[in-house]
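**Student:** after the sequence you'll find the predicted model.
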Amino acid sequence: MPNPVSEGAAPDEPPCRTGFAVAPLIAFRAAPDYLESLTRREGKKTMNWITNYVRPKINSLFSRREVPENLWTKCGECGTMLFHRELADNLNVCTNCDHHMAITPRERFAALFDGGVFTEVKVSEPIADPLHFRDQKKYPDRMKAAQKATGEKDAMLVAEGEIARTPIIAAAQDFTFMGGSMGMFVGNAIIAAAERAVKRKLPLVLFAAAGGARMQEGILSLMQMPRTTVAVQMLKEAGLPYIVVLTHPTTGGVTASYAMLGDVQIAEPNALICFAGPRVIEQTIREKLPEGFQRAEYLLDHGMLDRVTHRKKMREELVTIIRMLTRQSPAVRGELSAPRPETGKAEMAEAK
């Protein structure tokens, strides 16, 4: 007895040897292919409701839905997956282990200044590639890639604004921009911030986060160490407060210059603050370093820092310190509207 073959089977397919009809196998075909084969067999177009409704509905079910890749962030300390809105509301601090992640200068300033309003201070741009440096990539190509990824010109942003109605000048390094490395632009930015502070007679708050000097600029990047030191000296001579907030990580030539010259040295919890890293030191002296060596809490215990402050409490801490150093009255935490005249008279009548 000849084995039946389904109508939808291809002519090159071998006949079924099981003795069972294979027509139900049509259900296992992809739905769009089945509709096309059905159209070809009938020799005419399918009904409008199949073409206009069923086919798009099936295609939407089988189509791949694109999901943004930046909705979740993994904590580098405890491995917890954090939703991006929850992480942003918590100022990029892990809600599980309190690990302080990197935060961009604009995000930091938005949380620092009143209402997130600030004015950028213009910084003169240096020569793009003075040494024509090239390693695996050309230096200009690396700069373009970093600028595209961060949306910033370079690794530092300078701004002017108010915190609790206290005007200040603030500068912050962006570690996501080539590791926050100190180049000529960073030197120009610190000088511009110091000059602006002296001109406006305002305190300067600097948030440091860097891996050191930028190797692509060679000796020119190292020259920013004395340049920034002179800029800090301008503030000292003008009698203006200079407060440094050290974030994770602050290393190399940045630590050896402007990052450790503040009148008040504050650090975020567990921030790595050093010149040479712990791995280099261990390989050099061939000894195991103490637990937490070169971390903010260790440096606080050994007199290198004045305070270790949580990022969510940093604003209040800075307001208190600045107003103390500038001999101002305590900041106003809230404002009450003036009582209405009618209300005041009524209360006085009731008191009598």
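**Tutor:** Looks like it arrived, so ask away.
**Student:** show me what contacts residue 256?
**Tutor:** Under the criterion of Cβ atoms under 8 Å, 6 or more residues apart in numbering, the neighbours of residue 256 are 225, 275. Yep, even glycine has a C-beta here, placed from its N, CA and C like the rest.
**Student:** could you redo the last one with a cut-off of 6 Å?
**Tutor:** By Cβ atoms under 6 Å, 6 or more residues apart in numbering, the contact set of residue 256 is residue 275.
**Student:** go on, residue 245?
**Tutor:** 207, 266.
**Student:** okay, the helix or strand containing it in PDB with CA atoms only?
**Tutor:** Taking DSSP states H and E as the definition, residue 245 sits inside strand 242-250. C-alpha atoms of strand 242-250 as PDB (Å, rounded to 0.1, in the frame of the first residue of the first chain):
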ATOM      1  CA  TYR A 242      40.000  75.300  48.700                       C
ATOM      2  CA  ILE A 243      38.200  72.000  49.400                       C
ATOM      3  CA  VAL A 244      39.100  68.800  47.700                       C
ATOM      4  CA  VAL A 245      36.800  65.800  47.500                       C
ATOM      5  CA  LEU A 246      38.700  62.600  46.600                       C
ATOM      6  CA  THR A 247      36.700  60.000  44.800                       C
ATOM      7  CA  HIS A 248      37.600  56.500  43.600                       C
ATOM      8  CA  PRO A 249      40.200  56.300  42.300                       C
ATOM      9  CA  THR A 250      42.600  59.200  42.700                       C
END
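**Student:** report the mean per-residue pLDDT for that strand.
**Tutor:** Mean pLDDT, computed over strand 242-250, is 96.
**Student:** name the residues that touch whichever helix or strand comes after that strand?
**Tutor:** Using DSSP H and E, the helix or strand that follows strand 242-250 towards the C-terminus is helix 252-255. Contact with helix 252-255 is made by 182, 208, 210, 212, 213, 225, 275, as judged by Cβ under 6 Å, 6+ apart.
**Student:** which stretches in the stretch 201-350 of the chain count as helices?
**Tutor:** All helices of the stretch 201-350 of the chain, identified by DSSP state H, counting those that start in this stretch, fall at 218-222, 224-238, 252-255, 278-285, 296-301, 314-325, 341-351.
**Student:** out of the ones you listed, nearest to residue 78?
**Tutor:** For these, distance to residue 78 was read as Cβ to Cβ. The smallest value, 17.9 Å, belongs to helix 296-301.
**Student:** who touches residue 203 in this structure?
**Tutor:** Taking Cβ under 6 Å, 6+ apart, one finds 168, 240, 241, 322 in contact with residue 203.
**Student:** returning to that earlier point: and which of the contacts of helix 252-255 is nearest to residue 93?
**Tutor:** residue 208 (18.2 Å).
**Student:** which ones are touching the closest one?
**Tutor:** Residues in contact with residue 208 (Cβ under 6 Å, 6+ apart) are 173, 246, 250, 254, 259.
**Student:** next, give me the two most distant ones among these.
**Tutor:** Spatial extent of the contacts of residue 208 (Cβ to Cβ) is set by the pair 173 and 246 at 10.6 Å.
**Student:** related to what we said a few turns ago, turn the helices of the stretch 201-350 of the chain into JSON lines, including mean neighbour count and distance to residue 333.
**Tutor:** Formatted as JSON lines, the helices of the stretch 201-350 of the chain follow (neighbours: other Cβ atoms under 10 Å; distance: least, Cβ to Cβ, whole Å):
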{"stretch": "helix 218-222", "mean neighbour count": "15", "distance to residue 333": "43"}
{"stretch": "helix 224-238", "mean neighbour count": "17", "distance to residue 333": "28"}
{"stretch": "helix 252-255", "mean neighbour count": "23", "distance to residue 333": "34"}
{"stretch": "helix 278-285", "mean neighbour count": "11", "distance to residue 333": "41"}
{"stretch": "helix 296-301", "mean neighbour count": "18", "distance to residue 333": "27"}
{"stretch": "helix 314-325", "mean neighbour count": "18", "distance to residue 333": "9"}
{"stretch": "helix 341-351", "mean neighbour count": "9", "distance to residue 333": "24"}
